[in-house]
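Novice: fold the following, please.
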Amino acid sequence: MTIPELNDVHPAWLPPEAFRAVGSRRTLVAGDGTLAETVRAEVAHACARYGGEPVASGAAHDLALTLSPDGDLGDEDFVLGRRDGVTTVRAGGQAGLLYGFFEVVRLGEAAFAADRAAVRHRPATRRRMLDHWDNIDVHPVMGQVERGYAGGSIFWRDGVAHDDLTRVRAYGRLLAASGVNAVAVNNVNVHATEARLLTDRLGEVAAIAAELRPYGIRVHLSVNFASPVALGGLPTADPLDAGVREWWARTTERVYATIPDFGGYVVKADSEGQPGPFAYGRSHADGANLLADALAPHGGVVHWRAFVYDHRQDWRDRSTDRARAAYDHFAPLDGRFRDNAILQVKYGPMDFQVREPVSPVIAAMPATRLAVEFQVTQEYTGQQRHVCYLGPLWSEVLGFRPWGEAGPAVADVAVRGGVVAVSNVGDDPYWTGHPLAQANLYAFGRLAWAPGLEPGAVLDEWIGLTFAGCADPERLRRTLREMMDGSWRTYERYTAPLGVGFMVRPGHHYGPDVDGYEYTPWGTYHFADRDGVGVDRTRSSGTGFTGQYPEPWSEVYESLDDCPDELLLFFHHVPYGHVLGDGTTVVQHIYDTHFAGAEEAARTRLLWEKLAGDGLVAPDLYARVRERLDEQVRSAGEWRDQLNTYFLRKSGVPDAHGRPIH
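Specialist: Numbers count the residues shown, from 1 in each chain. Have a look, this model is predicted:
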C-alpha cells in the first residue's frame, strides 16, 4: 500500500502539514486487513516525514489504533479518548480504524493535549454516497461531466478509463477523511457507451474500484433500465418478464464475480427521456424491485431516483405543478419496495434551487427506505465560480422536522437509506475549480456522518486542515469565515427572490434570465405579471401542493400570513405591494436584497484582496480565488440589474431609495 502523492494537484484538506501531530509521535496500529494496512501505511508515511515512529505491540507509544471487533461497536464505529499520556482509538472494524485515524488527524495537537473522556463516534447512516455525473464519451451538449464545473472527469478521458488512476486513489483518501464511503462512477443519464460498463467494459469499473477500496469506498454503477434490450438483445425490458429478470440476475452475478465489494446500481428511469417501467405499464416499485432482487443475493442495493416529472408541460396550464410530481408518483407506492431498494429523493420538490421547501416525499413514505439527495456541484448556486458555502443549507434541511418540533427530523428519516450528493470534483488542479468550493465537498461528508454538526464548525475544520501550517492561522480563519459563512444567503439575495427559484439562462443555468424558462415545457415558472408574482400552490385556490405536507406544515404553507417569507413565492402568488414580516413590500424586498447581495459580493472580494502579499496562502491559489471573485462580482451586478429592471417594468413601482435601476 502506497500513499498517493500528486505534485501537480492541490492536497485539499490533507496537506502534509495536517499529519504533523500524528507523524511526530510513536504510534501503534493493531489489526489486520486491507483498511488496517491503509492506516499502517498512513502512519508510516507521516512518521517518515515528521520523525515519529510506528511501533510494535508491547512497545511504548503515544497513540494506539486498535481493532476491537468483539465489542459493541459497529464496523465503522470507534471510541476515541486520552488517558495517562496515551491517545487511543478503539475501533469495531477496519472502517472504524480508518475513520478513527482521520479523526486524530483532524484534531491535530489537540488529540495529544489534556486527557479526554472516551467518546464513541458512529455515523448517522450507513450510506454516505457521491454520484458522479461523468460521461465516458464527451457529450455534445453536456461535455465530459454533466453539470461539471471543475474540468474533465477523474475517471474517464477520450472514451476510456484513465491509464493512471493515482488521482482516483487520492480522491478516495480525501473522501474517507471526510466520511464518504460510496461513489457512483458514471452519469445517471446513461448513454450508449456508459451502458456497456455493466458488461464488456466492467474491467474499467473494477480498476477504479481497486483504487478506492483501500480507503473503504464502495463503487456503484448507474445503469440503463433498458439494458436487457440495449445490451442483451432481448425484445423487452419489462420488469415482470421472466427472461428480463434472469438477464439481470446473471449480469449482476458477473458484476460481483469481478468486483466482490460492489455497492449496487443507481437508476434514473422515466425521467427526462430515460427509459423506465412506464413503457410496460409497470410501476416504479416493479422496476426497482427487479434490480433489488438481482442484487439481494450479493448484499447490494439499488438507488432508485424519485426525480420523475412531466418535462413537456403546457406553461398555460396552471393546474399542472412539477413540484407535485415526485409525491404523486411515489407516495402511493409506500411499502411496495424491497428492503434493499432505496428511493433517492431530492431534498426539495424542484431541482436543487438556492431555496426550496423540503420535499414532502420525505415525510410520506415511512415504510420505504429513503435517501436524501443534495447537489455539491453548484449547478444553481454559482457553478463554482461564486463563493457559496452550502453547509448551512444542508444543515437546515437535515434538521427540518416535517411533523413539527415534536417529530423526527429529515436526518432521522435518512438513517435507513442514507445521504447522497452529486459530486463537484473534476480533473482541475484544485479538484473543484474554485478552491473554496472544496469546503462544500468536505462539509457534505461531515454532515452525512454527523448531521448535528454546526456548519460553521465544519468550515473551521476545513480551514484548519486545508491551510495547516499557515503563518497566521487565526487571521486566515477569520477572513475565510467572514467570506464564506454567510455566502449561501448572499447568493440567495442577488439571485431568485423569496423561494421562487430558477430565473436562470436555459440550458447551462448560469447567469440571470428572468423569463428564460417561463414559456417552456419544463414546469419552472414564476408567473410574474403586472399585478404580482409567485406560484399559487395552495389547496384553496392553487395546485394543492400544500396538501402533500403533514401538519403543521400543510397549514403553515397554506396560510399567506404564516408562510415563511423566504418561501412566500414558492407557495403563493401575491401582489407586489404585499407586506413581508419585516415591513417591506415584495417588490421593495427584491430591490433591497439585490442591491445588498451585489454589495456583499464586492465586500467578499475586498476581504480576499487584503490577504495579498501576506504570504498566508500560496500565490497560485490566491490568484485562482481572485479570478473567481472578479467573476462573482460581475455576475452579481448582472443579476441585480436584470432582476431589478425586470420587476420595475412589471410592477411600475419605483425603488423607495431612488437607487439607479437600468
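
Novice: end-to-end on stretch 178-187?
Specialist: Using CA to CA, to the nearest Å, the end-to-end distance of stretch 178-187 comes to 23 Å.

Novice: so which strand or helix has the residue positioned nearest the centre of the chain?
Specialist: Central residue of the chain (CA atoms, centre = their mean): Ala421, 2.9 Å from the mean position. Element membership for Ala421, per DSSP states H and E: strand 418-422.

Novice: one step back: how about the contacts made by the residue nearest to the centre of the chain?
Specialist: By CB atoms under 8 Å, 6 or more residues apart in numbering, the contact list for Ala421 reads 129-131, 373-376, 444, 448. Where C-beta positions appear, they are placed from N, C-alpha and C, glycine not excepted.

Novice: repeat that for 10 Å
Specialist: 128-131, 180, 347, 352, 372-377, 390, 394, 440-441, 444-445, 447-448 (CB atoms under 10 Å, 6 or more residues apart in numbering).

Novice: likewise for Met484?
Specialist: Counted by CB under 10 Å, 6+ apart, Met484 has contacts 387-389, 391-392, 436, 439-440, 456, 459, 462-463, 490, 604, 607.

Novice: ditto for Phe527
Specialist: If you count contacts by CB under 10 Å, 6+ apart, then Phe527 has 315, 318, 500, 518, 533-536, 569, 573 around it.

Novice: rerun at 8 Å
Specialist: Contacts of Phe527 (CB under 8 Å, 6+ apart): 318, 533-535, 573.

Novice: phi, psi for Leu560 please.
Specialist: Backbone geometry at Leu560, expressed as degrees, to the nearest 10, gives phi -60, psi -30.

Novice: not counting its neighbours along the chain, what's nearest it?
Specialist: His572 (5.6 Å; CB to CB, 6 or more residues apart in numbering).

Novice: likewise Val244?
Specialist: Per CB to CB, 6+ apart, closest to Val244 is Pro228, 4.9 Å.

Novice: please tell me I have it right and that neighbour contacts Pro239.
Specialist: No - counting by CB atoms under 8 Å, Pro228 does not reach Pro239; the two are 9.7 Å apart.

Novice: what about the closest residue to Lys610 other than its chain neighbours, which helix or strand?
Specialist: Spatially, and ignoring its direct neighbours in sequence, Lys610 is nearest to Thr479 (7.2 Å; CB to CB, 6+ apart). Taking DSSP H and E as the definition, Thr479 sits inside helix 473-484.

Novice: could I get the buried residue list for that helix?
Specialist: Going by neighbour count (16 or more other CB atoms under 10 Å), the buried part of helix 473-484 is 476-477, 479-480, 483-484.

Novice: for stretch 328-347, same thing?
Specialist: Applying 16+ other CB under 10 Å to stretch 328-347 flags 329-331, 333-334, 336-338, 340-347 as buried.

Novice: tell me the mean pLDDT over that stretch?
Specialist: What stretch 328-347 shows for mean pLDDT is 98.

Novice: can you get me the start-to-end distance on it?
Specialist: With CA to CA as the measure, stretch 328-347 spans 16 Å from end to end.

Novice: how distant is that stretch from the center of its chain?
Specialist: Relative to its parent chain, stretch 328-347 has a centroid offset of 20 Å by CA atoms, centre = their mean, to the nearest Å.
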